[in-house]
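Enquirer: Got a sequence here, can you model it:
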Amino acid sequence: MELGIHPFVTAGMVMQLLAGAKIIEVNMENKEEKSMFDGAQKLMAVIISLCQSFAYVWSGMYGSLEEIGAGNGLLIIIQLTFAGIVIIMLDEML
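Expert: Sure thing, here's the model as predicted:
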């Protein structure tokens, strides 16, 4: 769980910033809109997890791509992204 809760927290801050700046219109009193907002926040967290995973592998945090190979690099990206999804699920359970 290398990425931890960072993608989820970042997604929450970005979505709150977008809603606060009135870039997106959200009525938190409406259950349907709040549910859509929460779903968009979770989707953004998955996208951020994927981007951060790619950045970790691309930057050579686990070794250069020549050493680990493209296949292993892809597996690391998938593993880190899946761990981010597990964090989102755990948060949903709470």
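
Enquirer: Leu65 contacts Ser59, correct?
Expert: No. Using CB atoms under 8 Å, Leu65 and Ser59 do not qualify as a contacting pair, with a distance of 10.1 Å. In this view, the C-beta of every residue, glycine as well, is placed from N, C-alpha and C.

Enquirer: Between the two, which is the more surrounded one?
Expert: Comparing Leu65 with Ser59 by other CB atoms under 10 Å, the one with more neighbours is Leu65, at 13 against 9.

Enquirer: What are the boundaries of the helices in the protein?
Expert: 6-20, 31-58, 65-68, 70-93 (DSSP state H).

Enquirer: Next, format these as JSON lines and append mean pLDDT.
Expert: Rendered in JSON lines, the data for the helices of the chain read as follows (pLDDT from 0 to 100):
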{"stretch": "helix 6-20", "mean pLDDT": "93"}
{"stretch": "helix 31-58", "mean pLDDT": "94"}
{"stretch": "helix 65-68", "mean pLDDT": "91"}
{"stretch": "helix 70-93", "mean pLDDT": "93"}
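
Enquirer: Centre-most residue in the chain?
Expert: Ala45 (2.6 Å; CA atoms, centre = their mean).

Enquirer: Just give the number of residues close to the nearest residue to it once chain neighbours are set aside.
Expert: Computed as CB to CB, 6 or more residues apart in numbering, the closest residue to Ala45 that is not its neighbour in sequence is Ala11, at 3.9 Å. The number of residues packed near Ala11 is 22, by other CB under 10 Å.
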